[in-house]
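# Give me a 3D structure for the following:
(one chain, ligands or ions: 2)
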Amino acid sequence: MNRGDDAKLICDIAELTALFSDAQSLETLFERTVKMIAQHMHSEVCSIYLFSDAEQELILKANTGLNPDLIGKVRMKLGEGLTGLALKDFTPVCERQASKNPNFKFFVGLGEELFESFLAVPIARGRVRIGVLVVQNKQSHYFTERDITVLKAISSQLGNTIEMVRLIMAVDEPEAQSQALEQKPELKFVKGKVGSKGFGYAPVFVLDVKQSLWDRYRTYFDKVYTREDVLTAVKTTEDQLRHMQKQVEVALFDVASLIFSAQILMLKDQVFINAITERVKQGAPAVRAIIDVLNDYVKKFEAVPNAYLREKSRDVIDIGRRFLNNLVGVDKKENDFHDRIVVADELYPSDILKLYSQKVQGVVVLHGGETAHVSILAQSLQIPLIIADVRDLLRLNRDDRILLDAEQGNIYVNPSEEVVGNFKAKMRLEDELKTVKNLLVDQVSTSDGIQIHLMANINLLGEVPRALEFKAEGVGLYRTEFPFIVRSDFPSEEEQYVIYRKLVEQMQGKEITFRTLDIGGDKVLSYFDDHQKEKNPYLGLRSIRFSLRHKDIFNQQIRAILRAGVNGNVRIMFPMVGSLDEFMDAKQLVLDGIHSFKAAHIPHNAAPRIGMMVEIPSVISIIDDFVKVADFLSIGTNDFIQYMLAVDRSNEKVADLYIPYHPAVLRGFQTIVVAAQKQHKDVSVCGDMAHDPRFVPFFIGIGVRKLSINPNNMYKIQQAVKNVSLKGAELFAQEVLALSRIDDLAKKFGERIA
Ligand code: PEP
Ligand code: MG
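Ligands and ions are numbered 1, 2, ... in the order given. Okay, the predicted model is just below:
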C-alpha cells in the first residue's frame, strides 16, 4: 500500500466514525466500513467478524471481495482458524501464504482460497472480545509490519463503535435468550423492599427495554406486509395511544401532561413513516424496515447528552413494540399491562403513570428506593410496588404468575395453591381494613383526651377525595413537585395556578400546606440539565437551594400559590432549609409577591403562614432563631435521618444503616419540638415515621400534636393514637431518650405502650 496514506487513513477513519451516525442501517454501515478499510489498505478483501459471547463464536458480519451469500453463515470458534486465533490470543496474525498454515480454515464457497496474504487484527476492549478485522490479498507476501500497525490503529479507533453495533445487532441475544429460556431459573421466592404497599396476583409482563426488537420480531421477517398494512398499524397504534392519554388525563389531571405525546408525534412524523415505507418500497421486509428505522431513532436519542431525550429512547422502543404488535397482529393483550404485574429493571415516574393508565396490578423494579419518587407515586396511585435487585426476575415468561405481597416485600413466583390461599385471606383482611372507613373518627384523641391532628400527605390531586373520606383534617404536606417531575417542561404560573386552585377548592377551607418545589436528589427534572451533572445530588442544588438559585421559577410558583390561595387556608413551607438566611430570603420573596399583587389589585392570599421543613441537622443548633421567624415547622423524617446519619435514603446498600430510632435522630426531634413549643409555634411531623404506629407514642410524648401521613394509613394511626395515653407516651419518650444503644432502642420500639 502507499505508505504516504497513513495520515489520510486515520483522518478518514474519523470521517467514517461520523458516518456511523447517519448510516441507514447497521448492515449498510458495516458494508461501508469494510469497503473503506479495503480501499485504504489497498486490499482486495476486507471482513468484519463479530464475537458472540453466548456461543463463543465469531460470525462473519460484513465483507467485501468474497461471496456475500455467506455473510452471517461463516462461524468460527475461538482459536479456530487464523481469525479465531487472533481473537483468542488478542494478537494480530499475519500470513504471507495463508493456505500453507495448518491453522487456516477453509470455508467452501467463500472464495478465500484465491487470497494468499492474510492479516487479522482483533477488536477488543481490554479483555472484552468484540470481533476481528481481516484483510486479504491474492499476492503473497503482501502485508507488512506497517500494515499491521495501521490495521491495529483502525481496530482501536473503530472498536467502541463496533462494540455498540454488536450490541445493537444483538449478535448475542438470540443465543443468550434461548439459553436463558432453557435455563430458566427455578425462582420461587424473592425478598424485596416495599416501595408501595398492597397485594397483587397476576401474570407477569417483563418490561425488558434491553431486549432487542430485532430479536423479538425476527420470526416475522419473511412475512409480507403492504404499505397499507403499515399505515393501518400506525393508525391503530395512534388510536391506542390517544385512548391511553385520555384515561390518564381524566384520572391524573394535575400530572397527566402529555405523557404519550412524544410517541404520538413520532407516529405523525412523515420522515419516520417515509423512512419505513421507502424501505418497504425498495423490497425490504416491512418488519425489518421498521426495526431499522426505530433503531436509528434509539441510537440518535441515546447518543445525546440531554437525559430527557435519552429517556425518550425508551419511548421509541415502547412504541416500536406496540406498532409491531399491531402490524403482525399478535394478541392484543401483548400491548398492554392490563391486570399484569410488571417487572422492570428501573422505571421513571412517567412510566408509572403509563402503567397506571393501563390498570397494572403491581410492579417489581430491580432498582429504586423506598422513598424515591417512583415509589411515592406508586403509593399515591395505590399500585403495589416492590424493589428487588434480582435479575432473574427479568427472565420470567408471560405465563408465569407472580404473587406480590407488598405489605411484607415478598414476591412468590408461580406460588402453590396454599400460598395463594393464605394470600387471599390476607387480601380479605386488607379489604376489610379498607371498609373501616366508618370506624374512622373526625378528630382523634389519646385515651386521656389529648387531640392529635392527623393531616394528609398529598402528591397528586387524585388523592384528595380519599384523604377527605379518611378524615384528614387538612393537607399537611402537598408535594408540589409531581407536576414538575412528570412534565417535559416547567409548568407555567397559570398551569400551576389551575392545579393549586383545584386543591384549594376541594379542601373547602381546611388547612393546606404547600411545600415549594423540592427537586434534586432522586427527584430529577429530566428536562433541566443543571442538576444532572452533580456527583452528589443529595448534597447538591436541591429543594430551596434550587428555588433560590432560579428565582424566576420560584416566583412563578409562589405567585401561583398566592393567587390560588385566595380565600383558602394556606401555608407555604420551604423544604431543606439549612440556614436562617435561606429561610429569610425565601420568605422575603413571598412577601414581595404579596406586595406586588396588592399593588396590582390582583386577588391573592395576603396572609399565608410561612414555615419550613426541618430536614437538615444544621437547623438544630440554631432552631431558636428559626422559631422566631417561622410560623410553623414540619419535620421531614426521611431527609432528616438521611442527613443526620449520612445515609443515602435511596441506597439499598446502606439500608440497614438508615435507622429512624437512632438516638441522635430522636434527640434531634425533641430539641426541635421543645423549641417550637416554647414560642407557641405549630410543629408537625410529615416524613414516613409519622405513619409508622410504633413511633406515634414517642412523637406524642415529646409534644407533637400534628402528624401528616399518607391517607392510606389513617386508620392505623388513629388506632395508635387512641391506644396510648399522654402520660404513657411521655414516660415512654423519656425512657427512649435516655437510651444510647441502637439495639436497646430497637427493643423499646417493639414494646406495647398504653
Ligand atoms: C421528608 O424528607 O421526610 C419529606 C417528607 O420530604 P420528601 O420525602 O418529599 O423528601
Ligand atoms: Mg424531604
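
# all contacts plus neighbour counts: C-alpha atoms, from now on.
Fine.

# Following the chain onward from the strand or helix carrying residue 456, which element is next?
Counting by DSSP states H and E, the element that carries residue 456 is strand 451-458. Counting by DSSP H and E, the next helix or strand C-terminal to strand 451-458 is helix 464-469.

# I'd like the next helix or strand past that following helix.
Assigned by DSSP H and E, the successor of helix 464-469 is strand 474-479.

# Next, the angle strand 451-458 makes with that next one.
Computed by axes from the mean of the first three to the mean of the last three C-alpha atoms, to 10 degrees, the angle separating strand 474-479 from strand 451-458 equals 30 degrees.

# before we move on, back to that, what strands flank the strand holding residue 456, and is each parallel or antiparallel?
Partner strands and pairing direction for strand 451-458 (DSSP bridges) are strand 444-445 (antiparallel), strand 474-479 (parallel), strand 706-709 (parallel).

# just how off-centre is the longest one within its chain?
Here the centre of strand 474-479 is set off from its chain's centre by 25 Å, with C-alpha atoms, centre = their mean, to the nearest Å.

# For residue 399, the count of nearby residues, please.
Residues contacting residue 399 under the criterion other C-alpha atoms under 10 Å number 11.

# go on, residue 750?
Per other C-alpha under 10 Å, the neighbour tally for residue 750 reads 10.

# That one: what's it in contact with?
residue 694 (C-alpha atoms under 8 Å, 6 or more residues apart in numbering).

# before we move on, what SS does it have?
In three-state terms, and counting by DSSP: H, G, I helix; E, B strand; the rest coil, residue 750 is coil.

# cool, residue 412 as well?
strand.

# Buried deepest among the strands paired with strand 451-458, which one?
strand 706-709 (a mean of 26; mean count of other C-alpha atoms under 10 Å).

# Give me the distance from it to the chain's centre.
Taking C-alpha atoms, centre = their mean, one finds the center of strand 706-709 at 29 Å from the center of the full chain.

# ok, residues contacting it?
Contacts of strand 706-709 from elsewhere in the structure, counted by C-alpha under 8 Å, 6+ apart, are 452-457, 475-477, 683-688, 690-691.

# Over to stretch 655-664?
Stretch 655-664 is contacted from outside by 637, 641-642, 644-645, 647-649, 666, 689, 737, 739-742, 745-746, using C-alpha under 8 Å, 6+ apart.

# Which of those residues fall in helices?
Among the contacts of stretch 655-664, DSSP state H puts 637, 641, 642, 644, 645, 666, 737, 742, 745, 746 in helices.

# neighbour-wise, which of the residues you listed leads?
Ranked by neighbour count (other C-alpha under 10 Å), those have residue 641 at the top, with 27 neighbours.

# isn't it right next to residue 665, touching?
Yes: using C-alpha atoms under 8 Å, residue 641 is in contact with residue 665, at 6.4 Å.

# the bottom helix or strand of this structure by mean pLDDT?
Within the chain, no helix or strand scores below helix 173-182, which has a mean of 37 by mean pLDDT, DSSP states H and E.

# Quick check: buried residues in the following helix or strand past that one?
Where DSSP H and E defines the elements, the next helix or strand beyond helix 173-182 is strand 189-191. For strand 189-191, the neighbour count (16 or more other C-alpha atoms under 10 Å) marks residue 191 as buried.

# Could you list the paired strands of strand 189-191 along with their orientation?
Here, using DSSP bridges, strand 189-191 pairs with strand 410-413 (antiparallel).

# who in the chain is up against ligand 1?
Counting by C-alpha under 6 Å from any ligand atom, the chain comes close to ligand 1 at 636, 637, 638, 639, 686, 687.

# pLDDT of the helix or strand where residue 229 lies, averaged?
In the assignment (DSSP H and E), residue 229 maps to helix 227-251. On average, the pLDDT along helix 227-251 is 82.

# how about low-confidence regions in the stretch 401-550 of the chain?
426, 429-434, 486-488, 522, 526-527, 529-532 (pLDDT under 70).

# count of neighbours near residue 544?
Number of residues near residue 544 (other C-alpha under 10 Å) recorded here: 24.

# That should have said residue 126, apologies.
8.

# any idea of the pLDDT on it?
At residue 126, the pLDDT value in this model is 71.

# same check, this time on residue 615
You'll see residue 615 listed with a pLDDT of 98.

# That one: neighbouring residues, count only.
Neighbours of residue 615 under the rule other C-alpha under 10 Å: 24.

# Roughly how far does it sit from residue 582?
Separation of residue 615 from residue 582 (C-alpha to C-alpha, to the nearest Å): 14 Å.

# so where do the helices sit in the stretch 201-350 of the chain?
Along the stretch 201-350 of the chain, counting by DSSP state H, counting those that start in this stretch, helices occupy 213-217, 227-251, 261-268, 270-281, 286-303, 307-328, 349-357.

# Excluding chain neighbours, what is closest to residue 38?
Once flanking residues are discounted, residue 38 sits nearest to residue 46: 5.4 Å by C-alpha to C-alpha, 6 or more residues apart in numbering.

# Just list the residues touching the one you found, thanks.
Taking C-alpha under 8 Å, 6+ apart, we find residue 46 in contact with 34, 35, 37, 38, 63, 64, 65, 133, 134, 135, 136.

# Stretch 383-394 spans what distance, first to last residue?
Terminal residues of stretch 383-394 lie 19 Å apart, using C-alpha to C-alpha.

# quick revisit: give me the secondary structure label for the residue nearest to residue 38.
Of the three states, residue 46 takes strand under three-state DSSP.

# Quick check: bridge partners of it?
Partner residues in beta bridges with residue 46: residue 64, residue 135, with DSSP bridges as the criterion.

# Now do it, the pLDDT please.
Per-residue pLDDT puts residue 46 at 93.

# go on, the one 4 residues further on?
At residue 50, the model reports a pLDDT of 90.

# So it sits against residue 131, correct?
Yes: at 4.1 Å, residue 50 counts as touching residue 131 under the criterion of C-alpha under 8 Å.

# Find the residues that touch each one of the two.
Common neighbours of residue 50 and residue 131 (criterion: C-alpha under 8 Å, 6+ apart): residue 58.

# among the contacts of strand 706-709, which ones are buried?
Of the contacts of strand 706-709, these count as buried by 16+ other C-alpha under 10 Å: 452-457, 475-477, 683-688, 690-691.

# Now that residue 504 has come up, it's in contact with residue 564, right?
Yes: using C-alpha under 8 Å, residue 504 is in contact with residue 564, at 7.0 Å.
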